[in-house]
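Chemist: Turn this into a model:
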Amino acid sequence: MKHKILSFISLILLISSIILITYLFYKFQLNFTKNFNTYLVYFIISIFYLSFSIYFYFQNEEFKIISSIIFFSILVAFYSFEIFLTSKEFNMSKTFKYYENKTGKKYDKRSKFQIYNDLKSDKNIRPGTYPYQFFDQNSGIFPLSSFANKKIIYCNENGYWVIYNSDRYGFNNSDEVWDFDSYEYLLIGDSFTNGACVQPTNNIAGNLKKITNSKNILNLGMGAAGPIIEYAILREYAPFKKNIKRLIWIYYEGNDLHNIYYEKQNSILKKYLDNKYFTQNLKFKKNDIKNKLEKTFKFEEKKAIKEIKTRKKKKIFNILKLSKTKKLILSRINKKIIVKDAKVVDEKILLLNFKKILKEVKSLSNKNDLKLYFVYLPTGERYINLNNNHQFKNYLEITNMVQDLDIALIDINKNFMNITDNPLKFYALENPGNHFSENGYKKVSEVIFNKINRLEKK
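Modeler: Numbering: from 1, shown residues only. All right, here's what the predicted structure looks like:
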């Protein structure tokens with residue numbers, strides 16, 4: 001009986017390894033131009049598996065027993081870990097519990113497209129659609145903002161979904177701001193400037209309005225934008241013909257520098273970097289932008305509906321495929337490769353590109369007689385794992401670069417460290433991967449206002 005079971009196991013291992021290699025060849029032929037390195041890893045593993053299966057088939061009984069015990073122990077360990085990852089993803093009970101204990105309110109667990117589905121009877125509502133979604137499109141126009149004059153479903157990190165009214169060009173402002181003759185502040189940056197994930201009255205622009213008792217603040221922040229997109233937004237949308245007192249460039253250390261690498265891959269965005277006279281004239285192409293955003297939104301909506309319909313069926317199948325374990329392992333491998341390449345090959349180039357952008361921004365500021373301030377925003381990850389040092393995220397290189405260019409620096413990290421021993425309290429639910437909490441945005445706004453006041457009184 002024992003001999004039959006071992007023979008059966010040997011046969012199963014051999015057959016499954018042959019099926020695996022055949023399947024990989026089939027998938028590789030369909031996708032031979034994509035993810036070659038990933039398939040190469042799979043081929044190496046499957047060939048090793050086949051070799052082991054053949055070796056196992058011809059070994060003695062004792063070897064087969066020991067190998068079977070080890071093999072099935074590893075298998076049980078992998079599937080246990082997969083089930084743990086699956087349950088962790090679908091059960092954010094710690095986050096929900098923390099929020100509910102802290103606020104006494106229920107955490108809104110709906111997804112962005114569930115929110116949209118619940119509210120889509122309102123024809124003016126749209127899930128946020130952003131420039132990074134067009135990186136692979138190198139023809140036509142490249143939108144630099146979201147839907148214009150719509151109710152934009154943004155994000156939820158503070159327990160509630162933020163929906164804001166976009167202006168005539170798709171930014172997070174009241175539309176009337178474009179009719180003003182002058183501006184106290186013009187803000188440019190990514191999602192932290194745009195105002196994720198708080199109501200407009202509680203983002204940086206909203207807080208500055210409260211502090212200064214002025215409505216003359218223009219927010220050109222855009223979700224997931226990097227320095228090239230931000231520079232392009234300035235060139236396309238900043239009302240330089242009007243009186244702007246201050247330009248506030250808000251830099252987020254978490255991903256702004258590395259965003260340059262991806263933005264440079266797009267031929268349209270690259271033109272802004274290479275040619276200071278290039279323009280898409282986006283202010284005059286509202287319908288073209290709207291059509292492109294609508295097309296992308298419809299595609300994302302179909303994807304979301306399909307995902308909701310197949311989620312339950314896919315859940316079990318994904319567990320069998322060890323999808324989350326595989327994704328985690330590959331992300332760690334790829335992360336190391338990306339980080340290594342960025343440090344050895346790309347990072348110096350990225351820093352040079354960023355310096356070029358800052359020089360152009362300073363030139364724009366000088367030409368239009370406005371004061372330029374550079375705000376350095378820290379990621380919450382700086383405050384974990386002993387990361388708070390001058391090497392983390394090129395902190396020293398960036399801050400030195402700004403000062404060498406004679407641009408006024410407002411270092412939020414230094415201010416956070418002077419205020420508290422626990423800067424994570426300024427991030428949504430104290431999660432280092434989140435945007436700021438309402439209190440965090442308020443504190444950043446106060447630091448910006450106070451530092452500018454001090455600098456301008458000198």
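
Chemist: what does stretch 284-299 contact?
Modeler: Here stretch 284-299 makes contact (C-beta atoms under 8 Å, 6 or more residues apart in numbering) with 126-127, 129, 133-134, 140-141, 143, 145-148, 168-170, 282. Glycine gets a C-beta too; all of them are placed from N, C-alpha and C.

Chemist: Let's see which of those residues end up in strands.
Modeler: Those of those mapping onto strands are 126, 127, per DSSP state E.

Chemist: and the contacts of stretch 284-299, which are buried?
Modeler: Neighbour-count burial (16 or more other C-beta atoms under 10 Å) is assigned, among the contacts of stretch 284-299, to 126-127, 129, 133-134, 141, 143, 145-148, 169-170, 282.

Chemist: quick one, strands of the stretch 101-250 of the chain?
Modeler: In the stretch 101-250 of the chain, the strands defined using DSSP state E, counting those that start in this stretch lie at 125-127, 151-153, 163-165, 182-183, 185-188, 217-219, 243-244, 246-252.

Chemist: Serialize those to CSV and add fields for mean pLDDT and distance to residue 111.
Modeler: Formatted as CSV, those follow (pLDDT from 0 to 100; distance: least, C-beta to C-beta, whole Å):
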stretch, mean pLDDT, distance to residue 111
strand 125-127, 96, 10
strand 151-153, 98, 10
strand 163-165, 98, 14
strand 182-183, 98, 36
strand 185-188, 98, 29
strand 217-219, 98, 26
strand 243-244, 96, 39
strand 246-252, 98, 25
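
Chemist: Export these to TSV and append columns for distance to residue 324.
Modeler: Shown next, in TSV, are these (distance: least, C-beta to C-beta, whole Å):
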stretch	distance to residue 324
strand 125-127	25
strand 151-153	27
strand 163-165	31
strand 182-183	48
strand 185-188	38
strand 217-219	38
strand 243-244	48
strand 246-252	28
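
Chemist: Pick the most deeply packed of those strands.
Modeler: Most buried of the strands of the stretch 101-250 of the chain by mean neighbour count (mean count of other C-beta atoms under 10 Å) is strand 185-188; its value is a mean of 26.

Chemist: where's residue 447, which helix or strand?
Modeler: Assigned by DSSP states H and E, residue 447 belongs to helix 438-457.

Chemist: Residue 96: neighbour count?
Modeler: Residue 96 has 16 neighbouring residues, counting by other C-beta atoms under 10 Å.

Chemist: In contact with it: list those residues for me.
Modeler: Per C-beta under 8 Å, 6+ apart, neighbours of residue 96: 107, 109.

Chemist: Can you classify it by secondary structure?
Modeler: Of the three states, residue 96 takes helix under DSSP: H, G, I helix; E, B strand; the rest coil.

Chemist: For it, give me the pLDDT.
Modeler: Residue 96 is assigned 78 on the pLDDT scale.

Chemist: and what of the one 10 residues further on?
Modeler: The predicted local confidence for residue 106 comes out at a pLDDT of 89.

Chemist: cool, and residue 55?
Modeler: Confidence score, pLDDT, at residue 55: 72.

Chemist: Same question for residue 22.
Modeler: At residue 22, the model reports a pLDDT of 73.

Chemist: since we're on it, how many residues are nearby?
Modeler: 11.

Chemist: Quick check: it is in a helix.
Modeler: Yes. Under three-state DSSP, residue 22 sits within a helix.

Chemist: Just give the nearest non-adjacent residue to the residue positioned nearest the centre of the chain, would you?
Modeler: Central residue of the chain (C-alpha atoms, centre = their mean): residue 224, 5.7 Å from the mean position. Closest residue in space to residue 224, ignoring its immediate chain neighbours: residue 132 at 4.3 Å, by C-beta to C-beta, 6 or more residues apart in numbering.

Chemist: In a markdown table, list the buried ones among the contacts of stretch 284-299 along with distance to residue 372.
Modeler: Output for these, formatted as a markdown table (distance: C-beta to C-beta, whole Å):
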| residue | distance to residue 372 |
| --- | --- |
| 126 | 33 |
| 127 | 34 |
| 129 | 30 |
| 133 | 30 |
| 134 | 28 |
| 141 | 28 |
| 143 | 26 |
| 145 | 22 |
| 146 | 26 |
| 147 | 30 |
| 148 | 28 |
| 169 | 22 |
| 170 | 24 |
| 282 | 23 |
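
Chemist: Closest to residue 304 out of these?
Modeler: residue 127 (8.5 Å; C-beta to C-beta).

Chemist: wait, that closest one sits on residue 300?
Modeler: Yes. With contacts counted by C-beta atoms under 8 Å, residue 127 reaches residue 300, the gap being 7.1 Å.

Chemist: Overlap in contacts, those two.
Modeler: Common neighbours of residue 127 and residue 300 (C-beta under 8 Å, 6+ apart) are residue 113.

Chemist: just checking, residue 237 touches residue 220?
Modeler: Yes. Residue 237 is within contact range of residue 220, at 5.9 Å (criterion: C-beta under 8 Å).

Chemist: The two: who's more crowded?
Modeler: The neighbour count for residue 237 versus residue 220, taken as other C-beta under 10 Å, is higher for residue 220 (26 against 21).

Chemist: which residues touch the more buried one?
Modeler: 171, 186, 187, 188, 193, 230, 233, 234, 237, 238.
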